[in-house]
Every structure is written in structure tokens, then in C-alpha cells.
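# Quick one, what's the 3D model for this:
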Amino acid sequence: MELFSNRGTSAAAEAIAASKTLAGLRRLGLSNNQITDEGAQALAESPHLTSLRSLSLRANALTAKGVAFLAASANVQHLRSLDLSYLGLTDEAAKALAASPHLSNLEALISTSNKFSREGVQALVASFGRRVQLHA
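Numbering: from 1, shown residues only. Okay, the predicted model is just below:
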């Protein structure tokens, strides 16, 4: 399901997370909306989105706090692709992702135009190797 640039807010993300009819959903694109940390938390905690293989939250209003909710959730363990581009994320987010035991199945962690220092980049590369796609 792709909801690109629909002016979706965290309330929309919460509604998606609460929807039992979306159980089994494999791809969720919520790029270029206005989803905040609360929306990321709702997605991370949703028992209905555990089948997701691809999640794009690029160009939203997430911070390291929202990324930490995702990284700490066992519900994301089946993700193969996670796009967190254009969020202005810092090393705090990079460290949360790198330390997550639930993201080991990722084949692509996409992060364009975030604000990772050398330390943040090193943490991501140490954890994900070539599976991380970093672009300035």
C-alpha cells in the first residue's frame, strides 16, 4: 500500500496500525507525509503489521525517538527494506538502528540526507555492512 504525499499525519499512521484488515500487508509506503514519532510508535506496536517486508517513512517528521520505537519492536523482524531518508536523523537514531536485534533480516536500510557523523555511519556499517545505503 502506497500513501505517498497524502498529507497523512500520525493519526493516519495510528489508524493504519489499528486496522485488522491490513494484517498480512507486505509493503507500506508512507513517504512525504507528516508522520511524527507517535505515528512511528503506533506502527511499531501494531500486532497487525508484523508481516511487513518493506516500510518507507522517508520525508516525514520522525526523530531519533520514533526510530528507536521501530528499532526496539519485535514486530519489525520481518522487514527486508526500511527507508528512513530525508528525516534529518542524527547519530542517536543510527545507534538505535545498529543496536536493534530485530532488524537482522534487513536487506536494505536506506538513508539519504540524514545527519550522521562518522561515528553514526560506522555503527550502521558495522551492524548492516553492505546492506546499508547511505547518501549525503
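# Quick check: buried residues in stretch 93-101?
93-98, 100 (16 or more other CB atoms under 10 Å). Just so you know, the C-beta spots here come from the backbone N, C-alpha and C atoms, and that holds for glycine as well.
# show me where this structure has strands.
27-29, 54-56, 81-83, 108-112, 132-135 (DSSP state E).
# which of those strands has the lowest average pLDDT?
Comparing mean pLDDT over the strands of the chain, the weakest stretch is strand 132-135, at a mean of 85.
# contact partners of that strand?
Strand 132-135 is contacted by residues 85, 108-114, 116, 121, 124-125 when judged by CB atoms under 8 Å, 6 or more residues apart in numbering.
# What's the local residue count around residue 75?
20 (other CB atoms under 10 Å).
# ah, wrong one, I meant residue 49
25.
# what's the answer for the one 3 residues further on, then?
Residue 52 has 23 neighbours, counted by other CB under 10 Å.
# Could you report the separation of it from residue 30?
11 Å (CB to CB, to the nearest Å).
# Kindly report the same for residue 41.
From residue 41 to residue 30 the distance is 14 Å (CB to CB).
# Wait, residue 74 touches residue 100, no?
No. Between residue 74 and residue 100 there is no contact, the gap being 9.9 Å when judged by CB atoms under 8 Å.
# among the contacts of strand 132-135, which ones are buried?
85, 109-111, 114, 116, 121, 124.
# could you dump those residues to JSON lines with distance to residue 46?
Formatted as JSON lines, those follow (distance: CB to CB, whole Å):
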{"residue": "85", "distance to residue 46": "22"}
{"residue": "109", "distance to residue 46": "20"}
{"residue": "110", "distance to residue 46": "21"}
{"residue": "111", "distance to residue 46": "23"}
{"residue": "114", "distance to residue 46": "25"}
{"residue": "116", "distance to residue 46": "27"}
{"residue": "121", "distance to residue 46": "30"}
{"residue": "124", "distance to residue 46": "25"}
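# Fine, thanks again, bye for now.
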